[in-house]
Every structure is written in C-alpha cells, then in structure tokens.
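Undergrad: quick check, what structure comes out for this input:
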Amino acid sequence: MMKLLFAPKVSWLGRLGLGAVSVLAVVIGLTIASFLFVILLVAGAALAGWLWWRLQRLARQAQQAAPEILEGEYTVLPEPPALEDRRTPPPGSRRAP
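TA: You can find the predicted model right below:
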C-alpha cells in the first residue's frame, strides 16, 4: 500500500512570511518589467527620432538636387496610321553613297 505524504502544518508566522515573500517577489518582478519597458520605449523613441531626422535630411537633399520643373502647355498631334514599315527603306530604293 502507498503511503501518502502530508505537508507539515505551517504556523501563522510561516504563512505570513510566505505571503510577504510572495508579494515582494511580485512587486520586484513588476518593477523590473516596468524599468525594462521604459528603457525599451526610450530606445525606440530615440531610434524613431534619429530615423525621422535622417529622412528629413535626405528629403531636403533630394529637393535641392531636383531639376527645376518647366511648366507649359503642349498639344498632342495625331499621326496618320502607318501603312508601311518606316524603319527600313522600301525595296528597290537606292541608298546615298
């Protein structure tokens, strides 16, 4: 037959100590997690600020390097449809010497 093991009775002082240590462990864990979150948040904000600064600088450089835009009007003239291939001379034509 198997013998069951029972935990010994813990005094009220032991229970109080266990509760205090548990609460302390949770508080310390939350504090460390909060500090890590703040550190990562500040690092992310610094990285985002640096990237924004670089993007603005590159945009300014691109704007200064861009050619001036010439404004004007234009008209599209329709061409009559080509019925022959204009890339090669017609057969039988003579080339200039």
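
Undergrad: show me the residue at the heart of the chain, geometrically.
TA: With distances taken as Cα atoms, centre = their mean, residue 48 lies nearest the centre of the chain, 9.6 Å away.

Undergrad: who are the packing partners of the helix or strand harbouring it?
TA: Taking DSSP states H and E as the criterion, residue 48 maps to helix 12-65. Helix 12-65 is packed against no helix or strand, with contacts defined by 3 or more Cβ pairs under 8 Å, 6 or more residues apart in numbering; DSSP states H and E. C-beta coordinates here come from the backbone N, C-alpha and C atoms, glycine included.

Undergrad: could you check how far it is from the centre of its chain?
TA: Distance, stretch centre to chain centre, for helix 12-65: 18 Å (Cα atoms, centre = their mean, to the nearest Å).

Undergrad: what does stretch 54-69 give?
TA: In terms of Cα atoms, centre = their mean, the centre of stretch 54-69 is found 22 Å from the chain centre.

Undergrad: could you count how many residues lie near residue 8?
TA: Using other Cβ atoms under 10 Å, residue 8 has 7 other residues around it.

Undergrad: what's the burial count for residue 12?
TA: When neighbours are counted by other Cβ under 10 Å, residue 12 registers 7.

Undergrad: how close does it sit to residue 59?
TA: According to Cβ to Cβ, to the nearest Å, residue 12 and residue 59 sit 69 Å apart.

Undergrad: same deal with residue 10?
TA: Going from residue 10 to residue 59 by Cβ to Cβ gives 68 Å.

Undergrad: which regions of this protein lie under the pLDDT threshold?
TA: 1-2, 4, 82, 84-86, 88-91, 93-97 (pLDDT under 70).
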